[in-house]
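In: My questions are about this predicted structure, shown below with the sequence.
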Amino acid sequence: MTRRLFGTAGIRGVTNVGITPELALRLGRAYGDWLHANARRHGSVAVGHDTRWGAEMLARAAASGFASAGFHVQFYGCVSTGVFSLNVARTEQDGGLLVTGSHMPPDRIGLLLVQGDGSIAPFSVTDPVEALLASEEPLREVPPPKIGRLEEAFHPYELYISECMKALDAPLCRSKQFKVLADPANGTASYVAKEFFLWLGCDTLLLNYDPAPVPGRPSEPRAATVTEAIDFVRREGCALGACFDVDADRVLFIDADGLPVSEDTAGAVFAKRVLKAGDVCVVPINSSGLIEQVCRQVGARLEYCAVGQPEEVQAIKDLGAAFSYEESGKYYFPRQFLWPDGLYSAGRFLEVMAREGKTAAELAAEFPRYHQVKRNVPVEDGDKSKAMQSVAQRLASRLTEGRVRDVTVDGFKRVYEDHSWLLFRKSGTEPLIRVYSDAPTLERAEELAARGETLLKECL
């Protein structure tokens, strides 16, 4: 099968090399044609971008493509994922295109298609758009009187702040007067983070807050990349630190002692409060076994999906999920919003702290620590499918002690009664098969990963 141009987060590549203004313009035109045929309501779309090199250039090219397809364009400028998606949904746009490299290095960027409800476009949308891009047939002709307008939308933040405060218990948070550190990685949250937390009554300190193409730390907010924020939180006596990536769909929390809260633990904190008996929780196949434990305790049904936003959002919608998260630090609260928003997630975390009178450390301490081990085994692309078939055959009689169930939505995952799991998954970008394990103890995780790697190598 030919590899898709659209991956787990749009079309990605090197700015102005693989991802060019010509591609952005043609993509805007192609998505406009698809919307015209399949989802046109008001004939209006939105375009936004992040802070990195060339982002505005690509966004304006995409906006021209939409206009040439006959759509009026609301140009939001430099905005976070949450601001962009909320404005698309609440102002009833037909769709949109966000130019963002998210957590990637500053010379790389992506073109992300968004649906009218603010969620990322699934493959059922991007596949036909991609076919239009690849077609040698000319795109739909639009006569001059039907060309769309390009309008600057100067105030997307007011609607965003208003809607988020309605979705949160802002008065309760304001009563606590939390001291918070926000680290936007010099990205899009730089424009809105202080105002967001001020509306929650927080004494807000900022780090890496001047918008810039190159962030002051690596964009991806992980424990190893936010050491300056860790020191800052501890030194300034903050109740919580919130570190975002450049487009602010991800967030990493830091407790008052300067200890990062693992993304899986934060997911468990939210899941325990959001989910009720009978609810559905959706998580990607590589999520920690901790979420299995939480769902069993609250009586919710856990469903796994393939890795990546398109598959996750589609599963959320299809199953009517009440909560979802990714171990990358993306949290979904579908009853409010269908997109991951690091700022809103930080607001939800503060809300839990305020309602229960607990510190971030106390919330994290409610859950056992899980350990994940990741190993990569080189396998040529042409041999991956055969190797995976062989793995599945051998697992019929191997590594079965304590087996609870097998999940095959994206690779092969075996879940065990001690909440540990072993996962075999083909890399979509490299000649590798990944062997992941997750367990309540590091020894168990290491054992599973070693045995899984041995089994895979036997199959090659």
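Out: Done, it's in.

In: Count the neighbours of Lys330 for me.
Out: 24 (other CB atoms under 10 Å). The C-beta positions use only the backbone N, C-alpha and C, and glycine is treated the same way.

In: Excluding chain neighbours, what is closest to it?
Out: Take Lys330 and drop its neighbours on the chain: the residue closest to it by CB to CB, 6 or more residues apart in numbering is Pro340, 3.6 Å away.

In: Buried ones in stretch 295-313, by neighbour count?
Out: 295, 298, 300, 302-313 (16 or more other CB atoms under 10 Å).

In: Stretch 412-426 now?
Out: Neighbour counts using 16+ other CB under 10 Å place 412-416, 419-426 of stretch 412-426 among the buried residues.

In: again with stretch 200-209
Out: Leu200, Gly201, Cys202, Thr204, Leu205, Leu206, Leu207, Asn208, Tyr209.

In: Any chance you could spot the residue sitting in the middle of this structure?
Out: Centroid-nearest residue in the chain, with CA atoms, centre = their mean: Lys330, separated by 4.5 Å.

In: From Gly54, how far off is that residue?
Out: Remark: distance between Lys330 and Gly54 (CB to CB, to the nearest Å) = 25 Å.

In: Report pLDDT for Met1.
Out: Met1 is assigned 43 on the pLDDT scale.

In: repeat for Arg41
Out: The model reports Arg41 with a pLDDT of 89.

In: try Thr429
Out: You'll see Thr429 listed with a pLDDT of 68.

In: and what of Phe154?
Out: For Phe154, the model assigns a pLDDT of 80.

In: surely His36 meets Ser68?
Out: No: counting by CB atoms under 8 Å, His36 stays clear of Ser68, with 11.7 Å between them.

In: For the two, indicate the residue with more neighbours.
Out: Shown here are His36 and Ser68; by other CB under 10 Å, Ser68 has more neighbours (21 against 16).

In: Identify the residue spatially nearest to Leu5, adjacent ones excluded.
Out: Spatially, and ignoring its direct neighbours in sequence, Leu5 is nearest to Glu130 (5.0 Å; CB to CB, 6+ apart).

In: And for that neighbour, the neighbour number?
Out: The local packing of Glu130 (other CB under 10 Å) involves 19 other residues.

In: Surely Lys166 is within a strand?
Out: No: Lys166: not assigned to a strand; according to DSSP: H, G, I helix; E, B strand; the rest coil it is helix.

In: quick one: it from Asn16, how far?
Out: Lys166 is 40 Å from Asn16, by CB to CB.

In: Same check on Leu200?
Out: 39 Å.

In: How about Asn186?
Out: 20 Å.

In: Comparing the two, which residue is more hemmed in?
Out: Comparing Asn186 with Asn16 by other CB under 10 Å, the one with more neighbours is Asn186, at 23 against 14.

In: quick one: secondary structure of Gly70?
Out: Gly70 - assigned by three-state DSSP - is coil.

In: Now the helix or strand encompassing Thr265 - C-alpha only, PDB.
Out: Secondary structure assignment for Thr265, by DSSP states H and E: helix 263-274. Taking Å, rounded to 0.1, in the frame of the first residue of the first chain, the C-alpha atoms of helix 263-274 are listed here in PDB:
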ATOM      1  CA  GLU A 263       1.400  12.000  31.700                       C
ATOM      2  CA  ASP A 264      -0.100   8.600  32.500                       C
ATOM      3  CA  THR A 265      -0.600   9.600  36.100                       C
ATOM      4  CA  ALA A 266      -2.300  12.900  35.000                       C
ATOM      5  CA  GLY A 267      -4.500  10.900  32.700                       C
ATOM      6  CA  ALA A 268      -5.500   8.700  35.700                       C
ATOM      7  CA  VAL A 269      -6.200  11.800  37.800                       C
ATOM      8  CA  PHE A 270      -8.600  13.100  35.200                       C
ATOM      9  CA  ALA A 271     -10.100   9.700  34.400                       C
ATOM     10  CA  LYS A 272     -11.000   9.000  38.100                       C
ATOM     11  CA  ARG A 273     -12.900  12.300  38.200                       C
ATOM     12  CA  VAL A 274     -14.500  12.300  34.800                       C
END
